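>>> Provide a 3D model corresponding to the input given below.
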Amino acid sequence: MSGERDELADLLMSDELHESAYYGRDYALAEADLVLAAGYRKPRTVTTVEELDALVGGTIIRTVKSEHNPHGLCFEKYGKEWLALDPGDRDDGEETIPSGAVVNWYGQHSITVLFTPGDAS
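Okay, here's the model as predicted:
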C-alpha cells in the first residue's frame, strides 16, 4: 500500500462516520483510491538548502508565514538563485537571492513546491 493512500485513509478514518462498523478502514481506503485516481498528490515540501539547490530552473515555491514575511512569499528559480514573485515590488532591477537566504529568511518551517517544469501533465 502506498504511504499517500494510507495517509488519506487515516484522515478519512478520523471522521465519526468512518469509525463506525459499517464504514470502516476498507471503505476509507476505497475513498482514498478515488481521490488519488482523480489526481490528488500531497504537495512536496523542502526544508534545506540542498533540496532547493536540487530543484530545476523555473520551479515555483511558496514559503510559509514567518516574522520576515507575514503573508508568505512565492519565488521562481532563475539560474541557481531565486527571484521573489512580488507584484507589489516596483523595483524593476529585480534581484535574485541564493537558496541559503530563502531557507534562513523565509523557510523556517517548510517550503512548498508549487510547480516543477516537466511535472505538469
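>>> need the next SSE after the worst-scoring helix or strand of the chain on mean pLDDT, C-terminal direction.
Using mean pLDDT, DSSP states H and E, the weakest-scoring helix or strand in the chain turns out to be helix 16-19, at a mean of 58. Downstream of helix 16-19, the next assigned helix or strand under DSSP states H and E is helix 25-37.
>>> skip ahead from that next one and say which helix or strand is next.
Sequence-wise, the next helix or strand downstream of helix 25-37 (DSSP H and E) is strand 44-46.
>>> parallel or antiparallel, list what pairs with that following strand.
Note on strand 44-46: by DSSP bridges, its sheet partners are strand 111-115 (antiparallel).
>>> show me where pLDDT drops low in this structure?
Residue ranges of the chain with pLDDT under 70: 1, 15-23, 65-70, 87-93, 120-121.
>>> residue ranges of each domain in it, please.
As assigned by automatic domain parsing, the chain contains the domains 3-37, 44-115.
>>> turn these into a markdown table, including mean neighbour count.
Every residue, glycine included, has its C-beta placed from N, CA and C. Below are the domains of the chain laid out as a markdown table (neighbours: other C-beta atoms under 10 Å):
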| stretch | mean neighbour count |
| --- | --- |
| domain 3-37 | 14 |
| domain 44-115 | 15 |
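>>> so how far is V35 from I97?
37 Å (C-beta to C-beta, to the nearest Å).
>>> what of T96?
Taken as C-beta to C-beta, the span from T96 to V35 is 37 Å.
>>> what does K80 give?
K80 is 37 Å from V35, by C-beta to C-beta.
>>> same question, P117
Separation of P117 from V35 (C-beta to C-beta): 26 Å.
>>> same deal with W82?
Distance, W82 to V35, using C-beta to C-beta: 32 Å.
>>> just L29 next, same as before
According to C-beta to C-beta, L29 and V35 sit 11 Å apart.
>>> okay, and E51 sits in which element?
Assigned by DSSP H and E, E51 belongs to helix 49-54.
>>> checking my notes, E76 in a strand, right?
Yes: judged by DSSP: H, G, I helix; E, B strand; the rest coil, E76 forms part of a strand.
>>> surely it meets T59?
Yes: counting by C-beta atoms under 8 Å, E76 touches T59, with 7.1 Å between them.
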